[in-house]
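Enquirer: just a sequence and a predicted model for now, questions to come.
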Amino acid sequence: MSPLAYLIFKPTSEQHETEQELIEIRAILEPEFNLSVYFTTPEDSAGQLAHQAVENGAEVIIASGGDGTVSAAAEALIGTEIPFGVIPRGTANAFATYLGIPNDLKAACLVILSGHTRLVDTALCNGKPMVLLAGIGFEAKTIEQADNEAKKRFGALAYILAGIKQFWQGVKPFETSVETESQTAVIQQATAVTVANSAPPTSVLAHGTTGVFVDDGLLDITITSPQSRLEGAIALYHLLKSGFNNNAVDLDNVHHLRARHIKIKTEPPQPVVLDGNLMGTTPIEIECIPNSLNVFVPSTAET
Ligand SMILES: Nc1ncnc2c1ncn2[C@@H]1O[C@H](COP(=O)(O)OP(=O)(O)OP(=O)(O)O)[C@@H](O)[C@H]1O
């Protein structure tokens, strides 16, 4: 008997495109799986549908959409051994990129069929699932600015354009206190705080540390506090470099910590983006859940 698989699928606003993508995915997966498809709606979240799939005895769960869909669906699998497939169809697809899962539909389906899995950490941020990162300040304001129309027209470039605009306008500095199981750091003039479970190099603000590893049982915290555009540009350059070479940034206005459990407060409260979607404002509390998600990845992927 073929394994019972559930595909949690976020439709796009283009109905024709959605139908075509689904036909392509079904054609590859159905010969191997007893496949049921659940469509997300603003009311039926990927998380609820994935929980339903688990209750129905799913042997494989696959999420297809942007990072928000993947993250929400993952929550139902935390701590189970059910293998989790990702078919990226969003704008940034940062989780798939980080794990080396291709953006091409067919190639992503073939990764699932290959059956190679990897155990990765997840986290809970104020009780909500986090597979990538939580961003406070600059990143959250950038996501706020990258509207749906721009994402449709420019794809991932919309985030870069919004980031440049945000950089140019500047972020009003805020005071932050970051409390971990072993220390508390207070930064008076922060512009961004990023807590990462995983992050591709393009999630620039996450890369103050010596690499962001998704299976080390720890979260990587980067706090930036540049006080001018020039300092900001230098910090961004070093963070971008660090994303590729895993050397920690050595600048006075880039701070980094590693911890399993983190509480962050800011004054005044700041918007928070969680796995690509705005979730509210600070304070936040994040706990890493080591080795809690079993994801299909290419057998050659290294991170
Ligand atoms: N059928 C739907 N129509 C409109 N919104 C939906 C639908 N299904 C889910 N959503 C909403 O979409 C959000 C998750 O989107 P997700 O991040 O996965 O994809 P995206 O927005 O297409 O991609 P990206 O964030 O990369 O641009 C959630 O806020 C969810 O409520």
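Expert: Yep, that arrived.
Enquirer: phi, psi for L124 please.
Expert: phi -120, psi 130 (degrees, to the nearest 10).
Enquirer: for E179, which residues are in contact?
Expert: 262-264 (Cβ atoms under 8 Å, 6 or more residues apart in numbering). In this view, the C-beta of every residue, glycine as well, is placed from N, C-alpha and C.
Enquirer: how far off centre is whichever strand or helix holds it?
Expert: E179 belongs to strand 174-180 when assigned by DSSP states H and E. Offset of strand 174-180 from its chain centre (Cα atoms, centre = their mean, to the nearest Å): 22 Å.
Enquirer: and what of stretch 109-116?
Expert: Its chain's average C-alpha position is 21 Å from that of stretch 109-116, according to Cα atoms, centre = their mean.
Enquirer: do stretch 12-20 as well
Expert: The answer for stretch 12-20 is 24 Å, by Cα atoms, centre = their mean.
Enquirer: can you check stretch 261-271 too?
Expert: That offset, for stretch 261-271, works out to 19 Å (Cα atoms, centre = their mean).
Enquirer: list the buried residues in that stretch.
Expert: By neighbour count on 16 or more other Cβ atoms under 10 Å, the buried set for stretch 261-271 is 262-266, 270-271.
Enquirer: distance of the residue of the stretch 1-150 of the chain found nearest the ligand relative to E59?
Expert: With Cβ to the nearest ligand atom, the shortest gap between the stretch 1-150 of the chain and the ligand falls at G66, namely 2.2 Å. Using Cβ to Cβ, to the nearest Å, we find G66 at a distance of 25 Å from E59.
Enquirer: which of those two has more neighbours?
Expert: With neighbours defined as other Cβ atoms under 10 Å, G66 and E59 compare such that G66 has more, 24 against 16.
Enquirer: helices or strands next to the longest strand seen in the chain in the packing?
Expert: Longest strand in the chain, counting residues (DSSP state E): strand 284-296. Other elements packing on strand 284-296 under the criterion 3 or more Cβ pairs under 8 Å, 6 or more residues apart in numbering; DSSP states H and E are strand 84-88, helix 105-114, strand 117-125, strand 133-137, strand 261-267.
Enquirer: where does this protein dip in pLDDT?
Expert: Low-confidence segments of the chain (pLDDT under 70): 145-168, 301-303.
Enquirer: contact residues of it facing the ligand?
Expert: 10-11, 40-42, 45, 65-69, 90-92, 151, 276-277 (Cβ under 6 Å from any ligand atom).
Enquirer: report the contact partners of N197.
Expert: N197 makes contact with 121-123, 130-133, 212, 214, 219, 288, according to Cβ under 8 Å, 6+ apart.
Enquirer: same thing but at 10 Å, please
Expert: By Cβ atoms under 10 Å, 6 or more residues apart in numbering, the residues touching N197 are 95, 98, 120-123, 125, 130-134, 206, 212-216, 218-220, 275, 286, 288-289, 293.
Enquirer: shouldn't the residue of the stretch 1-150 of the chain closest to the ligand be in contact with T91?
Expert: Yes - judged on Cβ atoms under 10 Å, G66 makes contact with T91 at a distance of 6.0 Å.
Enquirer: ok, and the closest non-adjacent residue to the residue in the stretch 201-303 of the chain that the ligand sits nearest to?
Expert: Going by Cβ to the nearest ligand atom, the ligand is nearest to G276 of the stretch 201-303 of the chain, at 4.5 Å. What sits nearest to G276 in space, not counting adjacent residues and going by Cβ to Cβ, 6 or more residues apart in numbering, is D67, at 3.9 Å.
Enquirer: run a quick neighbour tally on the one you found.
Expert: Close neighbours of D67, defined as other Cβ under 10 Å, add up to 25.
Enquirer: that one and H255, how far apart?
Expert: Distance from D67 to H255, by Cβ to Cβ: 26 Å.
Enquirer: nothing else from me, thank you.
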